[in-house]
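Asker: Provided below for reference: sequence and predicted model.
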Amino acid sequence: MQNNLTIYNTLTRQKEIFKPLHPPFTGLYVCGPTVYSNAHLGHARPAITFDLLYRYLLHLGYKVRYVRNITDVGHLENDADEGEDKIEKTARIEHLEPMEVVQNYMNTFHRNMDQLNTLKPSIEPRASGHIIEQQEFIKHLLNNGYAYEVNGSVYFDVLKYSRKYKYGKLSGRVLEELQANTRVLEGQDEKHNPVDFALWKKATPEHLMKWPSEWSDGYPGWHLECSAMSVKYLGEVFDIHGGGMDLQFPHHECEIAQSTAALGKESVRYWMHNNMITINGQKMARSLGNFITLDQFFSGDHEMLEQRYSPMTVRFFVLQAHYRSTVDFSNEALQAAEKGFQRLFKGIETLKKLKPSDESTLDINDLRKKCYEAMDDDLNSPVLLSHLFEAVKYINSVNDGSEKLNSADLDTMKNLFNTFVFEILGLKDETEGKTDEKLTGDLMKIIIKLRQEAKNKKEWAVSDKIRGDLKNAGIVLKDHKDGADWERE
RNA sequence: GGUCGGUUAACCGAGUGGCUAGGUAGUGGUCUGCAAAACCAUUUACGGCGGUUCGAAUCCGCCACCGACCUCCA
């Protein structure tokens, strides 16, 4: 399994050549959503980023097991609330069962992910379905002496851990400074140290989501599910763990601590983190209330949106930036992405119609090499797109007759677009698959022919009326030298 | 205050010590009964101040500004 893929490992803060532990197999774990509200643009970022990685690994020939969890227990909303479980809180407001809320938002999330054309993970485990595994994990930590029980809750002993291992290695935190900076808040008296974190929390009587355990009726700590489920499905040591940059600390740091303490070794080989989507320069987040949901993008139903943006426009928008850069939302940027996406796909349409020449004026192998180099360079999708746009320009020139492609190169070019645009970038033609497409096409041919006859007789009023009426019906005619094309508005 | 990252033209967004990234918009042109579209060509850059270098947007230092995270029961 040869490849030149390099990925930026947050652990070492540099790009490293990707070498899986057990080729051709490779494991990928990505932190999925907490399903207590509708998915917003921020959720699209990791989904698309790691979909790109998953697709590229598949393309390179790896047998990938892609695990993305659904968090359906735990998580607090913010400092203001009184320790209510996020999911439980929403449940109370809407008078629904907690699991009904979970199901509802999970369904929406899945629909949105399908719209964005992300491939489904191999396994999508839910925290609530792995309570026993999490409890087993806690027992392991208690036996190892890295956890302690107080009043039915179990906490991880960070200080003890740090005597043997380095706590904070992923996020660059220094334990002493963390202790110095920790805010002193109520409810921590159970902990031996403020930096300790919960593995199991005893539930209050009114808490709805709780499970029996030998310590108490309660619920697992947030960080635990990822450790327990990744080990279960990918093994004690696996290749890639991904997630948003905002999860680096404390979530992933605690995951590392738990797993290392329980297993006695590093569990994750490559840590990858996508950057944030910003809006007016600030992170788009549920908790900040500055989010626009994916459904709102797709429908245009939000006061900040000047128009609707199709799922592929959103996907293209995300891919046009490198995953480790922030991307700032704006209508202008989305509209530019929409136009760019259309230009790319018009190029593909033109490519389909090209006639081969006897010779080629393009070094197609060089183009292919550049495309692979871009992807190998830590998934540099914007550079890949720039090469594809260069190719589009070339395709148009061939169409105009100023450049040439021979038959073999033409096939290679089609292949290249198929591979990179559809297979790897995961873009798709949104006009395809509509019903009666063939019939519509045939009808349009007849209409255009009739109009052409009118034009030949210089009956401009007739031809303009046809064009105008079609426009009212949502169809745009585009005249050119030998005939006319049409497309939906 | 600490840790990490960023500051590129009208907007978005790559990037290497010397060679036009790319997209959108703008401008000019081709095509055209008109319109639209399409295509071609093309203008405006590298936060500030120093330093290293024959040469720096790219390396180093300082400053300014912006952002993420800094555990609460999760």
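Answerer: Nice, thanks for sending it over.
Asker: CA atoms for contacts and neighbours, from now on please.
Answerer: Fine.
Asker: count of neighbours near residue A:47?
Answerer: Using other CA atoms under 10 Å, residue A:47 has 24 neighbouring residues.
Asker: typo on my end, residue A:253
Answerer: For residue A:253, using other CA under 10 Å, the count is 19.
Asker: cool, and residue A:430?
Answerer: 12.
Asker: now the residue lying closest to it once chain neighbours are set aside, what's its secondary structure?
Answerer: Closest residue to residue A:430 apart from its sequence neighbours, by CA to CA, 6 or more residues apart in numbering: residue A:312 at 7.4 Å. The three-state assignment at residue A:312 reads helix, by DSSP: H, G, I helix; E, B strand; the rest coil.
Asker: distance of residue A:312 from residue A:297?
Answerer: The gap separating residue A:312 from residue A:297 is 11 Å, by CA to CA, to the nearest Å.
Asker: so stretch A:295-308, near RNA strand B or not?
Answerer: No. Using CA under 7 Å from any atom of the strand, stretch A:295-308 stays clear of RNA strand B, coming no nearer than 13.9 Å.
Asker: what mean pLDDT does that stretch get?
Answerer: Averaged over stretch A:295-308, pLDDT sits at 90.
Asker: what does that stretch rub up against?
Answerer: A:40, A:112, A:292, A:309-311, A:331 (CA atoms under 8 Å, 6 or more residues apart in numbering).
Asker: burial of residue A:332, as a residue count?
Answerer: When neighbours are counted by other CA under 10 Å, residue A:332 registers 10.
Asker: contacts only, for it.
Answerer: For residue A:332, no residue meets the contact criterion (CA under 8 Å, 6+ apart).
Asker: ok, and for the helix or strand hosting it, which residues are buried?
Answerer: Using DSSP states H and E, residue A:332 sits within helix A:331-353. Residues A:334-335, A:337-338, A:340-341, A:344-345, A:347-348, A:351 are the ones in helix A:331-353 that count as buried (16 or more other CA atoms under 10 Å).
Asker: near RNA strand B too, which of these?
Answerer: Counting by CA under 7 Å from any atom of the strand, A:335, A:337, A:340-341, A:347 from these sit close to RNA strand B.
Asker: now the element after the helix or strand of chain A with the lowest mean pLDDT, going C-ward?
Answerer: Of the helices and strands making up chain A, the lowest-confidence element is helix A:86-94, at a mean of 66, by mean pLDDT, DSSP states H and E. For helix A:86-94, the following helix or strand on the C-terminal side (DSSP H and E) is helix A:98-115.
Asker: list the buried residues for that next one?
Answerer: Result for helix A:98-115 [16+ other CA under 10 Å]: buried residues A:98-99, A:101-102, A:105-106, A:108-109, A:112-113, A:115.
Asker: can you put those residues in CSV and add pLDDT?
Answerer: Putting these into CSV (pLDDT from 0 to 100) gives the following:
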residue, pLDDT
A:98, 81
A:99, 85
A:101, 83
A:102, 87
A:105, 90
A:106, 93
A:108, 93
A:109, 94
A:112, 95
A:113, 95
A:115, 95
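Asker: distance to residue A:212 added to the residues you listed, as JSON lines?
Answerer: Shown next, in JSON lines, are those (distance: CA to CA, whole Å):
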{"residue": "A:98", "distance to residue A:212": "17"}
{"residue": "A:99", "distance to residue A:212": "17"}
{"residue": "A:101", "distance to residue A:212": "22"}
{"residue": "A:102", "distance to residue A:212": "21"}
{"residue": "A:105", "distance to residue A:212": "26"}
{"residue": "A:106", "distance to residue A:212": "25"}
{"residue": "A:108", "distance to residue A:212": "30"}
{"residue": "A:109", "distance to residue A:212": "29"}
{"residue": "A:112", "distance to residue A:212": "35"}
{"residue": "A:113", "distance to residue A:212": "34"}
{"residue": "A:115", "distance to residue A:212": "39"}
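Asker: helices of the stretch 251-400 of chain A, residue ranges please.
Answerer: A:253-263, A:294-299, A:311-319, A:331-353, A:364-376, A:381-400 (DSSP state H, counting those that start in this stretch).
Asker: any chance of the ones you listed in CSV, with distance to residue A:274 too?
Answerer: Converted to CSV, the helices of the stretch 251-400 of chain A look like this (distance: least, CA to CA, whole Å):
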stretch, distance to residue A:274
helix A:253-263, 16
helix A:294-299, 18
helix A:311-319, 11
helix A:331-353, 19
helix A:364-376, 16
helix A:381-400, 13
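Asker: tell me how chain A divides into domains.
Answerer: A:19-274, A:279-424, A:437-488 (automatic domain parsing).
Asker: could I get these as JSON lines with distance to residue A:4?
Answerer: Formatted as JSON lines, these follow (distance: least, CA to CA, whole Å):
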{"stretch": "domain A:19-274", "distance to residue A:4": "9"}
{"stretch": "domain A:279-424", "distance to residue A:4": "6"}
{"stretch": "domain A:437-488", "distance to residue A:4": "41"}
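Asker: residue A:11 is nearest to which of the ones you listed?
Answerer: domain A:19-274 (5.1 Å; CA to CA).
Asker: from the chain's centroid, how far away is the closest one?
Answerer: 17 Å (CA atoms, centre = their mean, to the nearest Å).
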